[in-house]
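Asker: A structural model of the following input is requested.
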Amino acid sequence: MENVTAVTPLKQPIMFELEGFHVPPGYGYLLFFLALFNYLVTLLGNGVVVSVIVIDKSLHRPMFVMVCNLVVCDLLGSTAMLPRLMVHFLTGQKKIAYVTAIAQAFSVHTYGVAVQTILGAMAYDRYVAVCEPLRYHTIMTSVRLHSCLALAWCTAVLCIAVLFAFHVNIPLCGNTIRHVYCSNRAILNLACGPTPLNNIYGLSMTWTVSTAIFLIIAFSYFRILHASVKQGRAESMAPNKAFQTCASHLVVYGFYEIASVVLILSQRFPSVSQNIKNFFSILFIIIPPAINPIIYGLVSKELRTSIIKHFSIKISHNK
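Answerer: Model prediction:
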């Protein structure tokens, strides 16, 4: 007769232990400074973008208001992970309290969904701007703008809130998270039994949101392409003027989707080492927020001109 080992649920409060990365001796400080550098670049770049948009009244338009919301979303993702990761690299501290772990996981997942929903709202704004230029200000009013953004944020927060509501009554029989940060899947892996409802909801929610946003963006750009080609024929000019106003949005969305595909593929192949999977997981969160301000500045001529103008004024005043 086989011996069955009883699995006893852990009592609250639980202290998790993060075992995602093996940091070789002597590399902790190097990794700390790399993470610190990335975080400072993220804060500086996104801070400049927000400051210039707030100061320059000519940028008080729906497109740039949505950029500000995307910046806030990027800062949420970076701040949820990088400070904790820096503490790990610097001190070797791997323990994290249950409440802190849930808060980190909630923020990381909210970041992932909110990026998509905000990019979907931005696609709608660009569609109206290009396809209905004469009616743009009557369609994209302040009320509709803030309604779109509220819908984007509420969708993200509510989807993740429901996801984590399932955690309330799930007994955990382990406290070692084999990841560099806390996530829904990493915590559920510690459950004493199967969690089919969580898995079904998580996969369904991810598929539904990603597919809906992709369809919104695909429809918007199909209409934008059709309108720009039609306008180009009518005016005997290349149909690239419309896409100049959409370029930053398209590049950011494309970069985010590429990062998502790389992350998903790396998680699906057992032959890929855990360190590489964790590395891609980190890049997915820290690289887009650091790169996005550069994309806005390089692609958006209005924003780039405003940044240069305000920095030139600041330098001239300091002389």
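Asker: Now do the SS call for the closest residue to A191 other than its chain neighbours.
Answerer: Closest residue to A191 apart from its sequence neighbours, by CB to CB, 6 or more residues apart in numbering: I170 at 5.2 Å. To be clear about C-beta, it is placed using only N, CA and C from the backbone, and glycine gets the same treatment. I170 falls in the coil class when you classify it by DSSP: H, G, I helix; E, B strand; the rest coil.
Asker: And I170, how far from G193?
Answerer: To G193, I170 is 9 Å away according to CB to CB, to the nearest Å.
Asker: Between those two, tell me which one has more neighbours.
Answerer: Applying other CB atoms under 10 Å to I170 and G193 shows that I170 carries more neighbours, namely 16 against 10.
Asker: And that one, its phi and psi?
Answerer: With angles defined as degrees, to the nearest 10, I170 sits at phi -90, psi 120.
Asker: Ok, the one 3 residues further on next?
Answerer: Per-residue torsions, C173: phi -120, psi 20 (degrees, to the nearest 10).
Asker: burial measure for it, as a count.
Answerer: C173 has 12 neighbours, counted by other CB under 10 Å.
Asker: thinking again about what came up before, quick one: pLDDT of the residue nearest to A191?
Answerer: Note on I170: pLDDT of 81.
Asker: next one: F214
Answerer: 90.
Asker: Compute the number of surrounding residues for it.
Answerer: 15.
Asker: Look at it and tell me its secondary structure.
Answerer: Secondary structure, three-state DSSP: F214 is helix.
Asker: And the closest residue to M205 other than its chain neighbours, how close does it get to N275?
Answerer: Nearest non-adjacent residue to M205, counting by CB to CB, 6+ apart: C159, 5.2 Å away. For C159, the distance to N275 equals 30 Å [CB to CB].
Asker: same question, N198
Answerer: According to CB to CB, N198 and N275 sit 27 Å apart.
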